[in-house]
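**Q** Curious how this folds, go ahead:
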Amino acid sequence: MQLTHEHEELKRNLKRFIDTEINPHVDEWEAAEIFPAHEVFKKLGSLGYLGLTKPEAYGGAGLDYSYAVVMAEALGHIQCGGLPMAIGVQTDMATPALARFGSDALRQEFLAPAIAGDMVACIGVSEPGAGSDVASVKTTARKDGDDYIINGGKMWITNSLQADWMCLLANTSEGPAHKNKSLIVVPMNTPGITVAKKIRKIGMMSSDTGLIHFDDVRVPQRNRIGEEGLGFTYQMQQFQEERLWAAANAIQSLTNCIEQTIAYTGERMAFGKSILDNQTVHFKMAELKTEVESLRALTYMATEYYLAGQDVTEWASMAKLKAGRLLRTVPDSCLQYWGGMGFTWDNPVSRLYRDGRLASIGGGADEVMLGIISKHMHTLPKNR
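**A** A predicted model of the protein is given here:
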């Protein structure tokens with residue numbers, strides 16, 4: 001994937017916005033364990049960042065997915081993991097299916113405001129008893145006249161404490177697990193929805209995460225995205241973009257971690273020389289940078305395949321797996337060279353050490369990624 005002048009301008013302008021509108025407030029939002037999503041999203045929406053790949057008819061820019069990848073990478077410039085994740089939920093996790101398969105009326109009512117930053121969206125897939133195993137979700141949406149009556153619960157839902165609507169995956173029939181689900185847009189102010197608790201986490205502090213209950217929640221069937229029973233398929237398609245986004249988003253934060261560690265170890269003295277002036281340290285930095293550039297190459301290649309219209313489930317899974325692994329090993333390796341400073345709460349490397357751990361769990365655990373990759377390997381044509 002070759003970056004054009006337009007890609008580079010997008011990256012530069014977004015980083016400038018981050019430096020002026022986001023990073024000065026990150027420590028405050030991390031301490032509060034929430035950030036003002038409507039305020040931040042409105043600013044992003046006004047600049048066109050929330051709809052880069054969305055249809056122009058609803059306020060989007062109609063660009064190809066390479067621009068979403070570049071944006072995800074640039075969001076790694078934010079000095080925490082919680083805000084990029086919250087923005088990614090809005091752009092690449094809660095809205096792709098609606099943009100592709102939603103009715104014109106549904107897109108006008110919910111997608112257009114999400115692109116403008118007037119509405120905050122969340123994605124309702126995970127449940128207390130169903131995370132990576134999407135087929136086992138238990139939330140139901142039973143038909144009643146022209147409505148659905150929704151009962152169940154969703155857990156680990158990013159943005160849900162501030163969201164205006166949820167892209168909800170629910171069982172709409174008694175059929176096979178992969179064919180009985182639908183995606184439904186559910187306004188979060190609908191009677192019967194309870195935000196049961198705000199979940200405290202070990203990282204991603206500025207991103208609000210909720211446990212949501214649905215008790216006889218009535219929404220019109222016209223809020224269903226696309227065809228009934230195709231929700232699982234739509235969600236799997238959304239996962240392709242979510243996993244590519246996660247891989248791209250890791251690149252800049254990992255690069256920053258390495259560069260910050262080089263700068264610190266170049267100044268920190270021990271036994272008469274800088275920490276960096278030990279071969280084991282600068283060799284480790286070189287090795288880590290090589291790993292990060294390998295992730296970039298894999299992510300860009302997967303994006304090229306995606307732009308060409310190919311199913312990139314395997315490639316996106318590999319990129320997401322690699323990103324998760326590096327978000328564990330790179331901060332851990334770097335933190336060691338910070339010594340006691342690395343074990344302090346507000347250190348940038350220790351923050352990535354905490355925030356990055358989620359990457360091997362959320363959006364499909366490492367083990368799920370390995371299962372997907374293995375399945376594709378076992379079904380390859382012999383001449384590939």
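**Q** hmm, who's touching stretch 342-356?
**A** Contact with stretch 342-356 is made by 27, 30, 79-82, 202-204, 250, 253-254, 256-257, 260-261, 327-328, 330-332, 334-336, 338, 341, as judged by C-beta atoms under 8 Å, 6 or more residues apart in numbering. Every C-beta, even on glycine, is put in place using the N, C-alpha and C of the backbone.
**Q** Could you give me the buried positions within it?
**A** Using 16 or more other C-beta atoms under 10 Å as the test for burial, stretch 342-356 gives Gly342, Asn347, Pro348, Val349, Ser350, Arg351, Leu352, Tyr353, Arg354, Asp355, Gly356.
**Q** got a pLDDT number for the third one?
**A** In this case it means Pro348. Confidence at Pro348, expressed as pLDDT, is 96.
**Q** which one among the buried residues of stretch 342-356 gets closest to Gly153?
**A** Asp355 (25.8 Å; C-beta to C-beta).
**Q** Can you tell me the SS state at the closest one?
**A** helix (DSSP: H, G, I helix; E, B strand; the rest coil).
**Q** any idea how far it is from Val195?
**A** 23 Å (C-beta to C-beta, to the nearest Å).
**Q** just Leu161 next, same as before
**A** From Leu161 to Val195 the distance is 6 Å (C-beta to C-beta).
**Q** Those two - which one has more neighbours?
**A** Leu161 (20 against 16; other C-beta atoms under 10 Å).
**Q** can you pull the contacts of that one?
**A** Ile34, Val195, Lys198, Asp208, Thr209, Gly210.
**Q** so the fourth one makes contact with Glu33?
**A** What that stands for is Asp208. Yes. Checked against C-beta atoms under 8 Å, the pair Asp208 and Glu33 is within contact range at 7.4 Å.
**Q** Look at these two and report which has more neighbours.
**A** More crowded of Asp208 and Glu33, by other C-beta under 10 Å: Asp208, with 25 against 16.
**Q** As JSON lines, the buried residues of stretch 342-356 with distance to Gly102 would be great.
**A** What follows is those, written out as JSON lines (distance: C-beta to C-beta, whole Å):
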{"residue": "Gly342", "distance to Gly102": "46"}
{"residue": "Asn347", "distance to Gly102": "43"}
{"residue": "Pro348", "distance to Gly102": "39"}
{"residue": "Val349", "distance to Gly102": "42"}
{"residue": "Ser350", "distance to Gly102": "41"}
{"residue": "Arg351", "distance to Gly102": "37"}
{"residue": "Leu352", "distance to Gly102": "36"}
{"residue": "Tyr353", "distance to Gly102": "39"}
{"residue": "Arg354", "distance to Gly102": "36"}
{"residue": "Asp355", "distance to Gly102": "32"}
{"residue": "Gly356", "distance to Gly102": "33"}
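**Q** can you tell me which residues contact the residue lying farthest from the centre of the chain?
**A** Computed with C-alpha atoms, centre = their mean, the residue of the chain farthest from its C-alpha average is Gly272, at 44.4 Å. Under the criterion of C-beta under 8 Å, 6+ apart, Gly272 has no neighbours.
**Q** the bottom helix or strand of the protein by mean pLDDT?
**A** In the chain, the helix or strand scored least confidently by mean pLDDT, DSSP states H and E is strand 193-198, which has a mean of 88.
**Q** so what secondary structure elements neighbour the next helix or strand after it?
**A** Using DSSP states H and E, the helix or strand that follows strand 193-198 in sequence is strand 209-220. Contacts defined by 3 or more C-beta pairs under 8 Å, 6 or more residues apart in numbering; DSSP states H and E place strand 209-220 against strand 147-158, strand 181-187, strand 193-198.
**Q** Tell me which of those approaches Met236 most closely.
**A** Comparing the helices and strands packed on strand 209-220 by C-beta to C-beta, strand 181-187 comes nearest, at 10.7 Å.
**Q** CA atoms only: put that closest one into PDB for me.
**A** Output of strand 181-187 as PDB, limited to C-alpha atoms (Å, rounded to 0.1, in the frame of the first residue of the first chain):
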ATOM      1  CA  LYS A 181     -29.200 -13.400  14.300                       C
ATOM      2  CA  SER A 182     -29.800  -9.900  13.200                       C
ATOM      3  CA  LEU A 183     -28.100  -6.500  13.700                       C
ATOM      4  CA  ILE A 184     -30.500  -3.900  15.100                       C
ATOM      5  CA  VAL A 185     -30.000  -0.200  15.800                       C
ATOM      6  CA  VAL A 186     -31.200   0.400  19.300                       C
ATOM      7  CA  PRO A 187     -31.500   4.000  20.700                       C
END
